[in-house]
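Visitor: All I have is the shape, not the residue letters:
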């Protein structure tokens, strides 16, 4: 009988001694709060694995229609800081066994798991490779906020310097955050988002998650207004574990003759640095052939703000 047992855990539990448990908004509590509002077909099955000395591994996961993942994102496996290597290996083995059992019980054909793009010594990657999992690299544009502002500005695309200058002269930015929790200002964003998205409105529950993140000091909204008072740009940044994530950006397509997005986003990056965050994740850069023209265009826009890239591995394991 295994010395390790799996037991349910709240996916929103505090990180405690598990540094990778809430290291990024899309791998932590933010995703656990937001994605139930957009992926109702998934069922949470998060758990932790405990051994003789207590909890060693934690797993954020959901059972979906065809896979076990984390609300469609890669499942998160984290292990306790300072645990002995053999305990980490054994607890991760038990975690993978438990995930496979969940997949079989729910009729899912595969596990989708996220991991670091490590050059070696990653116990999770070793176990997944030995089980025949297939890994693919996921890249995102990542700003290292430890650099001074002048170094960050030197790293942006040359054309962006004049575009950010235009925005600083022609857009007035207003912010909604824990220090200035203006609900009326916040409520401008959902309707603006729906109009730009062609009328597709998110649920009230979806926007309530963002509002709660803001008032809890885990997010900030920026709204950009033209001189005549027209709302022309909006974005939301959320953060966890020292990483800020560009969660939503909306710009008025009817005014695309103006560089609306560059100044608000650049200003937001600088504000994240001033707030003491370590990294700014602009979002995934999809590989060519795996994205439509709009997604490729958005990725090109994001890449212009930094030469930095963050790599992770998306593992797929058939069961």
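Guide: Yep, it's here. What you see is a predicted model; the values in this text were computed from it and never measured.

Visitor: and residue 194, which of the three is it?
Guide: With DSSP: H, G, I helix; E, B strand; the rest coil as the basis, residue 194 sits in helix.

Visitor: Count the residues that sit near residue 183.
Guide: With neighbours defined by other C-beta atoms under 10 Å, the count for residue 183 comes to 10. In this view, the C-beta of every residue, glycine as well, is placed from N, C-alpha and C.

Visitor: repeat for residue 64
Guide: For residue 64, the count of nearby residues is 18 (other C-beta under 10 Å).

Visitor: how much space between it and residue 266?
Guide: 37 Å (C-beta to C-beta, to the nearest Å).

Visitor: Also residue 200?
Guide: Distance from residue 200 to residue 266, by C-beta to C-beta: 28 Å.

Visitor: go on, residue 105?
Guide: Between residue 105 and residue 266 the distance, using C-beta to C-beta, works out to 48 Å.

Visitor: quick one, which of those two is more surrounded?
Guide: With neighbours defined as other C-beta under 10 Å, residue 105 and residue 266 compare such that residue 266 has more, 22 against 11.

Visitor: Just say helix, strand or coil for the nearest residue to the more buried one once chain neighbours are set aside.
Guide: Spatially, and ignoring its direct neighbours in sequence, residue 266 is nearest to residue 164 (4.7 Å; C-beta to C-beta, 6 or more residues apart in numbering). Using three-state DSSP as the criterion, the local structure at residue 164 reads helix.

Visitor: How is the chain divided into domains?
Guide: Residue ranges for the domains of the chain, per automatic domain parsing: 5-132, 141-310.

Visitor: okay, the ones you listed, which one's buried deepest?
Guide: With neighbours defined as mean count of other C-beta atoms under 10 Å, these peak in mean count at domain 5-132, which reaches a mean of 18.

Visitor: thinking again about what came up before, in a markdown table, list the domains of the chain along with mean pLDDT and distance to residue 317.
Guide: Shown next, in a markdown table, are those (pLDDT from 0 to 100; distance: least, C-beta to C-beta, whole Å):
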| stretch | mean pLDDT | distance to residue 317 |
| --- | --- | --- |
| domain 5-132 | 96 | 4 |
| domain 141-310 | 95 | 20 |
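
Visitor: out of these, nearest to residue 318?
Guide: domain 5-132 (5.1 Å; C-beta to C-beta).

Visitor: picking up where we left off before, got the domains of the chain as CSV, with distance to residue 318 columns?
Guide: Listed next are the domains of the chain as CSV, based on distance: least, C-beta to C-beta, whole Å:
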stretch, distance to residue 318
domain 5-132, 5
domain 141-310, 20
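
Visitor: Identify the bridge partners of the residue lying closest to residue 24 once chain neighbours are set aside.
Guide: Leaving out its chain neighbours, the residue that sits closest to residue 24 by C-beta to C-beta, 6+ apart is residue 243, at 4.9 Å. For residue 243, the beta-bridge partners are residue 240, residue 279 (DSSP bridges).

Visitor: Show me where the stretch 201-319 of the chain has its strands.
Guide: Secondary structure of the stretch 201-319 of the chain (DSSP state E, counting those that start in this stretch): strands at 219-225, 231-240, 243-251, 279-285, 309-318.

Visitor: What separation is there between residue 198 and residue 223?
Guide: 20 Å.

Visitor: Sorry, slip of the keys, the one I care about is residue 78.
Guide: For residue 78, the distance to residue 223 - C-beta to C-beta - is 35 Å.

Visitor: One more: residue 36?
Guide: 27 Å.

Visitor: Model confidence at the residue lying closest to residue 131 once chain neighbours are set aside, what's the number?
Guide: Nearest residue to residue 131, sequence neighbours excluded (C-beta to C-beta, 6+ apart): residue 317, at 5.9 Å. For residue 317, the pLDDT comes out at 99.

Visitor: so residue 317 makes contact with residue 128?
Guide: Yes: contact criterion C-beta atoms under 8 Å: residue 317 and residue 128 qualify, at 6.3 Å.

Visitor: anything in contact with each of the two?
Guide: Residues touching both residue 317 and residue 128 (C-beta atoms under 8 Å, 6 or more residues apart in numbering) are 96, 113.
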